[in-house]
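# Can you look at this prediction? I've put the sequence above it.
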Amino acid sequence: MDFDEDQSPPSFDRMKNVVPEAKGFNPGLIVLLVVGGIVLAFLVGNYALYMYAQKTLPPKKKKPVSKKKMKREKLKQGVSAPGE
């Protein structure tokens, strides 16, 4: 029973059909793609909402500064407050 180097014995020929070959994507890659897609969709959605809010919502009103604080600020700057 002589076999060439590139030939295998008949018993091994039958084994080729028994061992299933791995087909399709790696499950880890699928999980990574799904999670990455969800995160990307979240970030894009947040950015879209932020841009929409910037255009439609009125600007935030600043709190009125009390007279006492105005006096304090002017004194820090060296300007005398009116009425003093």
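Sure thing, it's come through.

# any idea of the pLDDT on Ile30?
Ile30 carries a pLDDT value of 93.

# next one: phi and psi at Pro59?
phi -60, psi 150 (degrees, to the nearest 10).

# since we're on it, how many residues are nearby?
Look at Pro59: counted by other Cβ atoms under 10 Å, it has 6 neighbours. Placement of C-beta: from N, CA and C, glycine included.

# quick one: Val31 from Leu75, how far?
To Leu75, Val31 is 63 Å away according to Cβ to Cβ, to the nearest Å.

# nope, Leu32 is what I was after
61 Å.

# do the same with Pro58
34 Å.

# higher neighbour count, these two?
Set Pro58 next to Leu75 and count neighbours by other Cβ under 10 Å: Leu75 wins out with 12 against 5.

# So which elements touch the helix or strand that contains that one?
Secondary structure assignment for Leu75, by DSSP states H and E: helix 67-77. Helix 67-77 sits against no helix or strand, with contacts defined as 3 or more Cβ pairs under 8 Å, 6 or more residues apart in numbering; DSSP states H and E.
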